[in-house]
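In: how would this look folded up:
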Amino acid sequence: MIAIVMIGLLLLVGLGLGLYFFVFAKKDCKKITEEDECTEPCQWDTYGDKCIGEKDTLTAAPTPTPPGCSTYTTQDTCVSPCEWDSSTSKCGSPIMPSGGGQTMSGYTKFGGKKLKSETRISSCVKNDLEQCKTQCMYNENCIAFTHNGERCCLYNGISNFSDDDKTDLYLRNADGYENKSLGNFTGDDILTTPAANLELCGRACDEAAQCKGFSYKIGSCVLKGANLSSTPVLDGSQYYKRSSSNIPGEVNCKSLAAVNLANKKVFIATNDSHEVPNKSIAARSHWHGDQWKDQGQIYVKNYVRTFGENSGQVATIAPVPGRTDEYFITFTYTKDAREGPGVRTIMMFGGGANDDNEVTWFGSWTFWNDPICRWKFFKKEGTDNEYWIVTNREHRAPCMMLKMTSDGLRAIPFDTDDTEAVWVVDEFTPIG
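Out: Okay, the predicted model is just below:
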């Protein structure tokens, strides 16, 4: 009798295993399209948005990028690089004027032009103008893009172009330089030097008094004098002419700034001569629904040196990779209780200037190598630790310096005669 029961149990176990392998082991995970149906032995690939086998490789998390402007529905949440359109009460990308050679928000627009494919960086994609502009900004090799209302194409040089009523070309600007024509002007070469990007080529010209402009194409920078050809040529390079305000030797936002600030933990505070003394810049958690859970808020707090390094009161001056005079300003703070345990590190950036030519809003992203968040520090002569803190060329409002006023934290046009805009960069000493 016992033997019969044992045989029966073995048969049931075998039947169960057979059913398991029939239902699960033979399951074709790739044919499953709904997450709730993607069960063992399958797994749901969150970033790939698909069902895969348990031994398949998950798709890596994408590099973080700023959210689209249309996700913001109120003026106070419409953050850089977006702008609030008061006429429509909507958040969107800056309105770029039509026509040729008109400059706005980091690009010069040449209406009715399209480029040939030889300098195209990759396949064109379906994106709106705002997304296309952001794509080019975050691609170091991108010098221009075209947009026809639907498709976005990025380019690393200016070669052949043609007229096209449905397509506009946007040429990337270089701070301190003008680009009124498409193409290169030949002659009067002063120096040919390697340059990893457009910005570094401009800096090479900044430092040479005899340089009146430069020609750039990916990897190559040619500094030029004033005796150039009268007609542009299409050889893959783009010529940029030095603007009248970019004077070699003068201290301006294009000059090399402070050095040796690498990875210092500091308090950034107003000194006794400020309109509002003894205040420091800080960061904390900030919630506007789920879209804000990975971002912090920049604000101003009474200056006290007893805060810990994860309080949000202590800034880290983090050098930008490959540069000697630009820095990220980062803060680390303990997360809000709703976010769970741990700390978050965010970096500070300035928004766009208003009609009074002031920046009144300062935002933050979770820390990564973001070009829109770079700052310069200009040391005040005769001091040990006082600086003007200035936005770099990638900011929505470049060449603007931080200042604390009775109306709050502001950024105003760079002026080293304004001693009330000097900040104390006071090195942090750990408590205890």
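
In: Just give the closest residue to residue 299, not the sequence neighbours.
Out: Using Cβ to Cβ, 6 or more residues apart in numbering and skipping residues adjacent in sequence, the residue nearest residue 299 is residue 282, 6.0 Å away. Where you see a C-beta, it was placed from the backbone N, CA and C, and this is true even at glycine.

In: what residues are up against the one you found?
Out: Taking Cβ atoms under 8 Å, 6 or more residues apart in numbering, we find residue 282 in contact with 298, 299, 300, 301, 311, 312, 313, 331.

In: do the same with residue 297
Out: Contacts of residue 297 (Cβ under 8 Å, 6+ apart): 283, 284, 285, 286, 364.

In: how far away is the residue nearest to residue 299 from residue 349?
Out: 15 Å (Cβ to Cβ, to the nearest Å).

In: just to revisit the earlier point, only whichever of the contacts of residue 282 are buried, select them in ChimeraX.
Out: The ChimeraX command for the buried members of those (criterion: 16 or more other Cβ atoms under 10 Å) is given here:
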select :298,300,301,311,312,313,331
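
In: Nearest to residue 277 among the contacts of residue 282?
Out: For the contacts of residue 282, the closest approach to residue 277 (Cβ to Cβ) belongs to residue 300, at 11.9 Å.

In: Look up the closest residue to the closest one, ignoring the ones flanking it.
Out: Once flanking residues are discounted, residue 300 sits nearest to residue 279: 5.0 Å by Cβ to Cβ, 6+ apart.

In: what bridges to that neighbour?
Out: Counting by DSSP bridges, residue 279 forms beta bridges with residue 302.

In: Model confidence for residue 259, exactly?
Out: Turning to residue 259, the model gives it a pLDDT of 64.

In: Surely residue 188 touches residue 225?
Out: Yes: assessed by Cβ atoms under 8 Å, residue 188 is found in contact with residue 225 at 3.9 Å.

In: one step back: ranking by neighbours, what's the top pick from the contacts of residue 297?
Out: residue 283 (28 neighbours; other Cβ atoms under 10 Å).

In: ok, that one touching residue 295?
Out: No: applying Cβ under 8 Å, one finds residue 283 not in contact with residue 295, separated by 9.9 Å.

In: Show me the common contact partners of the two, please.
Out: Shared contacts of residue 283 and residue 295 (Cβ under 8 Å, 6+ apart): 346, 364.

In: on that earlier part again, for the residue nearest to residue 299, what is the enclosing helix or strand?
Out: According to DSSP states H and E, residue 282 maps onto strand 279-285.

In: where's that strand relative to the chain centroid, distance-wise?
Out: Here strand 279-285 is found 21 Å from its chain centre; the criterion is Cα atoms, centre = their mean, to the nearest Å.

In: Just the CA trace of that strand, in PDB.
Out: The C-alpha trace of strand 279-285 is given here as PDB (Å, rounded to 0.1, in the frame of the first residue of the first chain):
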ATOM      1  CA  LYS A 279      23.900  85.200   3.700                       C
ATOM      2  CA  SER A 280      25.100  82.100   2.000                       C
ATOM      3  CA  ILE A 281      23.900  80.100  -1.000                       C
ATOM      4  CA  ALA A 282      22.500  76.700  -0.200                       C
ATOM      5  CA  ALA A 283      20.400  73.800  -1.600                       C
ATOM      6  CA  ARG A 284      17.600  71.500  -0.300                       C
ATOM      7  CA  SER A 285      14.900  69.100  -1.500                       C
END
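
In: average model confidence for stretch 420-430?
Out: Confidence for stretch 420-430, expressed as mean pLDDT, is 89.
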